[in-house]
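1. Provided below for reference: sequence and predicted model.
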Amino acid sequence: RIANRAGSLFGRARLYPTRSCGIIGADVRKLRVLVLMHDYLVPPDDVSGVNTTTAEWRTEYDVLSTIRDELGHEVRALGVKDDLGVIRQANEDFKPHIAFNLMEAFHEVGTFDQNVVSYLELLRLPYTGCHPRGMFLARDKALSKKLLHYHRIPIPEFAVVTRGRKPKLPKRLTFPVIVK
């Protein structure tokens, strides 16, 4: 999937086969990259006189400047708050080859971040980062651990405690334990 090969995409300017975007092995000299970020973390156009290593938007600035200045791609920053329409409009106007997703929430709700990625899927716009199903599964630690255990992937012992009930430590768990 192109979403999992963004490093190769940017580093060698090569697109890989993917189900959702339909671009297969095309060599591209200069990509149009749409960088999605929270609206309050969009770096200013002029950063002279600003210490970019301590600014709240330093990660966003680093991503933008790396893609534009070091890798030579055309980049557009897009601040997103609570309206997915700005993504659709930027997709229509800018026609990006890929979206670099820096969103950690949508409408200031952390569990809504998967909806932004789902919207990118609906637009058939390749993106960096995890697939929406992966984001959903990763959010449910107990389900994730059960899936890993089922596939015989070693994980630490764990127990799920239901909220409002008195916790009981299963015999297979011994102290010290970590509670999340």
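-> Done, it's in.
2. drop to CA atoms for contacts and neighbour counts, all remaining ones
-> Will do.
3. which pLDDT value goes with residue 21?
-> You'll see residue 21 listed with a pLDDT of 47.
4. so what touches stretch 80-92?
-> By C-alpha atoms under 8 Å, 6 or more residues apart in numbering, the residues outside stretch 80-92 that reach it are 34, 36, 37, 38, 39, 78, 106, 107, 108, 116, 119, 123.
5. how about the strands in the protein?
-> Using DSSP state E, the strands of the chain run over 32-38, 74-80, 98-101.
6. what helices or strands is the shortest one leaning on?
-> Contact here means 3 or more C-alpha pairs under 8 Å, 6 or more residues apart in numbering; DSSP states H and E; on that basis strand 98-101 packs against strand 32-38.
7. recalculate using a threshold of 10 Å.
-> The contact analysis (3 or more C-alpha pairs under 10 Å, 6 or more residues apart in numbering; DSSP states H and E) places strand 98-101 against helix 6-12, strand 32-38, strand 74-80, helix 85-94, helix 113-122.
8. roughly how far is that strand from the heart of the chain?
-> 8 Å (C-alpha atoms, centre = their mean, to the nearest Å).
9. state the mean pLDDT of it.
-> Within the predicted structure, the mean pLDDT of strand 98-101 is 96.
10. lowest-confidence helix or strand of this protein?
-> When the helices and strands of the chain are scored by mean pLDDT, DSSP states H and E, helix 6-12 comes last with a mean of 46.
11. give me the most central residue, the chain.
-> Central residue of the chain (C-alpha atoms, centre = their mean): residue 129, 3.9 Å from the mean position.
12. sorry, back to before: max pairwise distance over the contacts of stretch 80-92: which two?
-> Greatest spacing in the contacts of stretch 80-92, by C-alpha to C-alpha: 108 and 123 (22.3 Å).
13. of those two, who's got more company?
-> A direct count of neighbours by other C-alpha atoms under 10 Å for residue 108 and residue 123 places residue 123 higher, at 15 against 12.
14. and the more buried one, how far from residue 132?
-> Residue 123 is 14 Å from residue 132, where distance means C-alpha to C-alpha, to the nearest Å.
15. flag the shaky bits of this structure, pLDDT-wise.
-> Scanning the chain for pLDDT under 70 picks out 1-28.
16. list the contacts for residue 79?
-> By C-alpha atoms under 10 Å, 6 or more residues apart in numbering, the residues touching residue 79 are 35, 36, 37, 38, 39, 40, 41, 42, 43, 86, 87, 103.
17. okay if I get the strands of the chain as a markdown table plus distance to residue 91?
-> Output for those, formatted as a markdown table (distance: least, C-alpha to C-alpha, whole Å):
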| stretch | distance to residue 91 |
| --- | --- |
| strand 32-38 | 8 |
| strand 74-80 | 10 |
| strand 98-101 | 9 |
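18. overlap in contacts, residue 123 and residue 132.
-> With C-alpha under 10 Å, 6+ apart as the test, residue 123 and residue 132 both reach residue 117.
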